[in-house]
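> task: produce atomic coordinates for the following.
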Amino acid sequence: MRGSWVVVASCAACSGQWVPMSDEGAPSARGGANTAWTGDEVLVWGGWMAEIEVGCAVGVSSLHDGARYDPATDTWRPMAEYPSDEITEFAETVWAGDRWFVVFPPGGWGSEDTSAPQMAVYDPASDTWETLDPPDELLDPAGDYNPIWTGTEVFLYAGGDNAAAYDPATGTWRAVTPYGGSSQGYLVTAWTGEEAVVWSTGNGAGRWGGAWNPATNTWRALADGGAQPDLGMSTAAWIDDELVVVGWNDGLQVWRYTPASDAWTHDRLALRGQHYLTSAAFDFVGAGFVVWGGLGRRQQALGTGSWYDLEQRVWTPLDGVGSPSPRAEPATVFTGEEWVVWGGGTGACIEGEAHADGARWLPP
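Have a look, this model is predicted:
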């Protein structure tokens, strides 16, 4: 019909393009929300809402509600509110088989609060939350814990001797053999199918790493990073037979660790100066990773991005048609077919005003 729109919920032939998301029933505007892919739905929960005066954020409130998005039908449905006043933005989370495991940062991300981290599990089948109470003798309150799902347990590690494993099926904890390593700096983690790999990207704490085998409860050391510079706040994923670590130091850097040879290699990227990973959306997507949005040199929100093919080692700019408006700290997740980008702030005056819309990008 002339003059009408047709909403396409799924478009397998539209690789490299953006598909808008419905906003009916979506969560309220926010930045820094947490996300998970259940296999059927995208969970969007928590985050911050800024109090704005004359265009600037003068205060930030932590949110405890969310919603569930079905990309197959382009619809939202409600999600239970978490019954607590914990700081929810930038929580450490992992999808644990059939439920969502969440570690709340004491006092908020980056805080020097050394109180014990709070943990909870969300069950989408019953739409309920359960607060966990890990044994004090297993987990030191200090440190930022990075959860890894091994297929049967959630492995938690925060550097030093701070490690434990939780079985959500039985609700039980077990001790993990101490490994050592600094509890300072920034840690990235990944599951290889057999081992939980932990790597420190430096940030003043040096570069070191280890791999924990849950079957034997033993560690092995990873090769030294050699010429790898401090990468600071980074991300990592296990792709094919490599640990791929992506961070920022005078431009984006990609470092690959291969367990078979116990060696690191380096990709020399050409995206220098375009993205700073400051509040940008960043995810491993398909056979590569995508960088989008974030803040520019003048702290203005960006609305551009690129996709890096890890096999071909080349960059492809993202099509801007249909993409979300410029923003920082959006909620993102890869479903295995589409990359979902929702919410985020304007970037003006700290986080600035937030968004309550989004889009899905289909990788090549």
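> so where do the helices sit in this protein?
Ranges of helices in the chain, per DSSP state H: none exist.
> read off the pLDDT value for G345.
On pLDDT, G345 comes in at 84.
> ok, what's across the strand from it?
Beta bridges link G345 to A328, A354, judged by DSSP bridges.
> any idea how far it is from D357?
Using Cβ to Cβ, to the nearest Å, G345 is found at 13 Å from D357. Yep, even glycine has a C-beta here, placed from its N, CA and C like the rest.
> now P214
Between P214 and D357 the distance is 41 Å, computed by Cβ to Cβ.
> just W264 next, same as before
For W264, the distance to D357 - Cβ to Cβ - is 40 Å.
> higher neighbour count, these two?
W264 (21 against 17; other Cβ atoms under 10 Å).
> for that one, give its distance to S84.
41 Å.
> cool, V121 as well?
Computed as Cβ to Cβ, the V121 to S84 distance reads 13 Å.
> beta-bridge partners for V121, please?
Beta-bridge partners, per DSSP bridges, of V121: F101, E130.
> pull the contacting residues for it.
By Cβ atoms under 8 Å, 6 or more residues apart in numbering, V121 lies in contact with A96, R99, W100, F101, V102, W129, E130, L132, P168.
> okay, those residues in JSON lines with neighbour count, distance to P27 and pLDDT next?
Below are the contacts of V121 laid out as JSON lines (neighbours: other Cβ atoms under 10 Å; distance: Cβ to Cβ, whole Å; pLDDT from 0 to 100):
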{"residue": "A96", "neighbour count": "23", "distance to P27": "22", "pLDDT": "97"}
{"residue": "R99", "neighbour count": "20", "distance to P27": "20", "pLDDT": "96"}
{"residue": "W100", "neighbour count": "22", "distance to P27": "15", "pLDDT": "97"}
{"residue": "F101", "neighbour count": "23", "distance to P27": "20", "pLDDT": "96"}
{"residue": "V102", "neighbour count": "25", "distance to P27": "16", "pLDDT": "94"}
{"residue": "W129", "neighbour count": "19", "distance to P27": "16", "pLDDT": "96"}
{"residue": "E130", "neighbour count": "13", "distance to P27": "21", "pLDDT": "94"}
{"residue": "L132", "neighbour count": "16", "distance to P27": "24", "pLDDT": "90"}
{"residue": "P168", "neighbour count": "20", "distance to P27": "25", "pLDDT": "93"}
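> for those residues, which one is nearest S22?
W100 (22.5 Å; Cβ to Cβ).
> does that closest one really touch T128, like I thought?
No: look at W100 against T128 with Cβ atoms under 8 Å: they stay out of range, at 11.3 Å.
> shared neighbours, the two?
Overlap between the contact sets of W100 and T128, as judged by Cβ under 8 Å, 6+ apart, is given by Y122.
> how close does S84 sit to E130?
12 Å.
> now do the shared contacts for these two.
Joint contacts of S84 and E130 (Cβ under 8 Å, 6+ apart) are A120.
> I figured A354 hits P330, correct?
No: under the criterion of Cβ under 8 Å, A354 is not in contact with P330, lying 9.6 Å apart.
> distance of P27 from W307?
Per Cβ to Cβ, P27 is found 27 Å from W307.
> repeat that for A263.
Per Cβ to Cβ, A263 is found 27 Å from W307.
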